[in-house]
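Peer 1: Here is a sequence with its predicted model. Questions after.
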Amino acid sequence: MHPVPAAVLRALPAVVLRARRIETALSGGLDSVVLLNILAQLKGSLNAELTAVHVHHGLHADADGWLDFCRSYCARLGIPLRVEKVTVRPAGRGIEAAAREARYQAFARSSADILAAAHHADDQTETFFLAALRGGGLRALAAMPELRPLAENPAVHIWRPLLPYSRDELAAYAAEHRLDYITDPANADPAYLRNRLRHDGLPRLRQIQPQLDAHIRAAVALLQDELAVLQETADADWQAVHDAHGFNTAAWRQLTPARRRQTARRLLLETGGSLKNQAFLADFCRVLDQIGTGEAQWPLSDHTLIASRNRLFLLPQNWQRQYTPAAAQGSLKDLQAAGWQLRRAAHGLPRGLLTQTLRIRPIEKGDLLHTPAGRKPPKQILHEHGIPPFIRPCWPLIADENNRPLALANLRADSRHAVSDGLLPCLPDYDKFLMKE
């Protein structure tokens with residue numbers, strides 16, 4: 001066996017050995033052609049089905065020809081090929097970033113356990129320098145790990161078995177095995193920073209420091225180790241600021257400023273899908289630190305993030321419309337068909353009362369509910385139950401057919417009707433706002 005496949009076989013990670021299916025990203029270029037050839041040689045040693053995926057970006061006039069090449073190559077190897085045709089939408093970003101996003105979304109649709117990618121040692125060096133040139137932090141400078149879950153679909157792990165090998169070594173392998181491959185002219189286009197770095201900047205640096213690539217590999221290994229420690233700390237902080245009610249901003253304020261920023265960064269990435277920029281992160285942390293139990297709102301890509309009473313709530317952009325009940329009336333069966341539940345409650349309504357026609361509506365001026373402490377406006381009861389101020393005007397009230405209040409959804413019934421083991425109409429989507437039992 002050629003030394004490269006043998007070395008890959010010896011270094012197989014446990015998660016790859018357990019995989020049911022390994023899918024190789026096949027562009028048709030040198031790197032991916034070599035990788036698929038190596039994995040095809042190892043097919044008998046792997047416990048997984050081997051497949052390939054080609055992402056057709058449609059950005060080059062020869063894109064259909066590249067697809068035909070990949071189909072022919074896979075047919076010769078006896079490897080099934082999945083084809084993903086994507087639309088690249090720059091939308092203010094560079095074409096490279098938009099193409100990468102579309103490509104990784106296609107990878108995330110894989111039914112494989114492992115997505116094998118052909119990044120090699122030269123790619124690692126380039127990625128490190130690109131991160132430095134763009135002002136990246138530890139995560140960016142740590143470049144590409146050999147194995148990690150896909151952010152777009154954690155059930156799929158991306159695996160890069162060629163990271164120890166240079167582009168020249170892969171070219172020598174292809175020549176020895178007489179492998180044909182595609183050369184994308186975009187790889188020589190100086191309009192792309194990576195190409196200028198590859199063809200101009202790095203060759204000059206290698207003349208100054210012949211061991212450049214080895215030093216960068218060592219630096220990346222150290223950075224990845226430090227990143228792992230940072231991630232352990234970040235995971236512990238993430239758990240510390242969460243409780244039964246979600247993200248606790250009071251606990252978040254007990255962290256050091258640097259750890260607050262890391263936790264806020266993770267929050268924004270997980271809730272908004274985008275960090276926007278460092279200025280947005282800094283302003284977010286400043287406001288969250290200063291508002292205390294007050295309220296603030298941030299529009300994200302598809303949602304609104306609201307801070308209130310030391311909690312954070314992720315709601316749809318049109319949350320007021322979604323949570324404000326439209327005036328409606330009907331039978332108990334009608335309510336249940338609309339998503340309402342009946343829960344047993346210490347201050348619930350008797351089943352017999354729930355058989356009459358009920359009205360669901362917003363709270364109105366002049367509404368009062370009887371409680372053991374006397375009559376109270378519904379909004380006072382909401383305050384006593386710790387309901388955040390921003391959602392109180394939207395809280396559903398259940399009234400009888402004559403429009404007299406019977407209960408506040410999810411909270412309590414009017415004491416004149418309440419029984420100790422009664423039933424309370426509830427909407428599950430409002431449970432997230434219950435801060436006090």
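Peer 2: Received the coordinates, thanks. Numbers count the residues shown, from 1 in each chain.
Peer 1: Can you give me the distance of Ala108 to Asn153?
Peer 2: Between Ala108 and Asn153 the distance, using CB to CB, to the nearest Å, works out to 4 Å. Where C-beta positions appear, they are placed from N, C-alpha and C, glycine not excepted.
Peer 1: To clarify, my last question referred to Ser110.
Peer 2: Taken as CB to CB, the spacing of Ser110 relative to Asn153 amounts to 8 Å.
Peer 1: The longest helix seen in the chain - contacts with which helices or strands?
Peer 2: Using DSSP state H to define each element, the chain has its longest helix at helix 212-240. Helix 212-240 is packed against helix 121-133, helix 138-141, helix 202-208, helix 257-272, with contacts defined by 3 or more CB pairs under 8 Å, 6 or more residues apart in numbering; DSSP states H and E.
Peer 1: JSON lines for these, including distance to Ala61?
Peer 2: Written out in JSON lines, the entries for the helices and strands packed on helix 212-240 read as follows (distance: least, CB to CB, whole Å):
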{"stretch": "helix 121-133", "distance to Ala61": "26"}
{"stretch": "helix 138-141", "distance to Ala61": "33"}
{"stretch": "helix 202-208", "distance to Ala61": "29"}
{"stretch": "helix 257-272", "distance to Ala61": "37"}
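Peer 1: Go through the ones you listed and name the closest to His303.
Peer 2: Proximity of those to His303 was assessed by CB to CB; the nearest stretch is helix 257-272, lying at 6.5 Å.
Peer 1: Just the angle for that closest one relative to helix 212-240, thanks.
Peer 2: With axes from the mean of the first three to the mean of the last three CA atoms, to 10 degrees as the criterion, the two stretches helix 257-272 and helix 212-240 enclose an angle of 80 degrees.
Peer 1: Please work out which residues outside helix 257-272 touch it.
Peer 2: Residues external to helix 257-272 that are found in contact with it (CB atoms under 8 Å, 6 or more residues apart in numbering): 230, 233-234, 237-238, 241, 247, 252-253, 255, 274-276, 280-282, 284-285, 288-289, 300-303, 305, 312, 314.
Peer 1: redo that, cut-off 6 Å
Peer 2: Outside helix 257-272, the residues within contact range by CB atoms under 6 Å, 6 or more residues apart in numbering are Ala234, Asp237, Leu275, Leu281, Phe284, Cys285, Leu300, Ser301, Leu305, Leu314.
Peer 1: what does stretch 346-360 give?
Peer 2: When contacts are defined by CB under 6 Å, 6+ apart, stretch 346-360 is touched by residues 325, 328-329, 332, 396, 398-399, 401, 412-413, 417-419, 422-424.
Peer 1: Looking at it now, give me its mean pLDDT.
Peer 2: Over the span of stretch 346-360, the pLDDT mean works out to 88.
Peer 1: sorry, back to before: of Ser110 and Asn153, which one has the most company?
Peer 2: Ser110 (20 against 15; other CB atoms under 10 Å).
Peer 1: wait, that one sits on Glu23?
Peer 2: Yes - Ser110 sits in contact with Glu23 when judged by CB atoms under 6 Å, with a separation of 5.1 Å.
Peer 1: thinking again about what came up before, any idea which of the helices and strands packed on helix 212-240 is most buried?
Peer 2: Mean neighbour counts were compared across these using mean count of other CB atoms under 10 Å; the top stretch is helix 121-133, at a mean of 19.
Peer 1: Format the CA atom coordinates belonging to it as PDB.
Peer 2: Listed next in PDB are the C-alpha coordinates belonging to helix 121-133 (Å, rounded to 0.1, in the frame of the first residue of the first chain):
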ATOM      1  CA  ALA A 121      -1.300  21.300   5.100                       C
ATOM      2  CA  ASP A 122      -1.000  24.200   2.600                       C
ATOM      3  CA  ASP A 123      -4.700  25.000   3.200                       C
ATOM      4  CA  GLN A 124      -4.000  25.000   6.900                       C
ATOM      5  CA  THR A 125      -1.200  27.500   6.500                       C
ATOM      6  CA  GLU A 126      -3.300  29.700   4.200                       C
ATOM      7  CA  THR A 127      -6.200  29.600   6.600                       C
ATOM      8  CA  PHE A 128      -4.000  30.700   9.500                       C
ATOM      9  CA  PHE A 129      -2.600  33.700   7.700                       C
ATOM     10  CA  LEU A 130      -6.000  34.700   6.300                       C
ATOM     11  CA  ALA A 131      -7.400  34.700   9.800                       C
ATOM     12  CA  ALA A 132      -4.500  36.900  11.000                       C
ATOM     13  CA  LEU A 133      -4.800  39.300   8.000                       C
END
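Peer 1: what separates stretch 236-248 from the chain centre, distance-wise?
Peer 2: Relative to its parent chain, stretch 236-248 has a centroid offset of 18 Å by CA atoms, centre = their mean, to the nearest Å.
Peer 1: Kindly report the same for stretch 400-415.
Peer 2: 40 Å.
Peer 1: same deal with stretch 93-100?
Peer 2: In terms of CA atoms, centre = their mean, the centre of stretch 93-100 is set 19 Å apart from its chain centre.
Peer 1: who's in contact with that stretch?
Peer 2: Stretch 93-100 is contacted by residues His57, Val88, Arg89, Pro90 when judged by CB under 6 Å, 6+ apart.
Peer 1: State the distance from Leu197 to Pro203.
Peer 2: In terms of CB to CB, Leu197 sits 10 Å off from Pro203.
Peer 1: let me redo that: Gln124
Peer 2: For Gln124, the distance to Pro203 - CB to CB - is 16 Å.
Peer 1: how about low-confidence regions in the stretch 1-150 of the chain?
Peer 2: 1 (pLDDT under 70).
Peer 1: in it, which spans are strands?
Peer 2: Assignment of strands within the stretch 1-150 of the chain using DSSP state E, counting those that start in this stretch yields the ranges 21-25, 49-56, 81-85, 114-116, 147-150.
Peer 1: Quick one: closest of those to Asp64.
Peer 2: If you check each of the strands of the stretch 1-150 of the chain against Asp64 by CB to CB, strand 49-56 wins as the nearest, at 7.8 Å.
Peer 1: List the contacts of Cys394.
Peer 2: For Cys394, the set of contacting residues under the criterion of CB under 6 Å, 6+ apart consists of Tyr323, Thr324.
Peer 1: Give me the pLDDT for it.
Peer 2: Turning to Cys394, the model gives it a pLDDT of 92.
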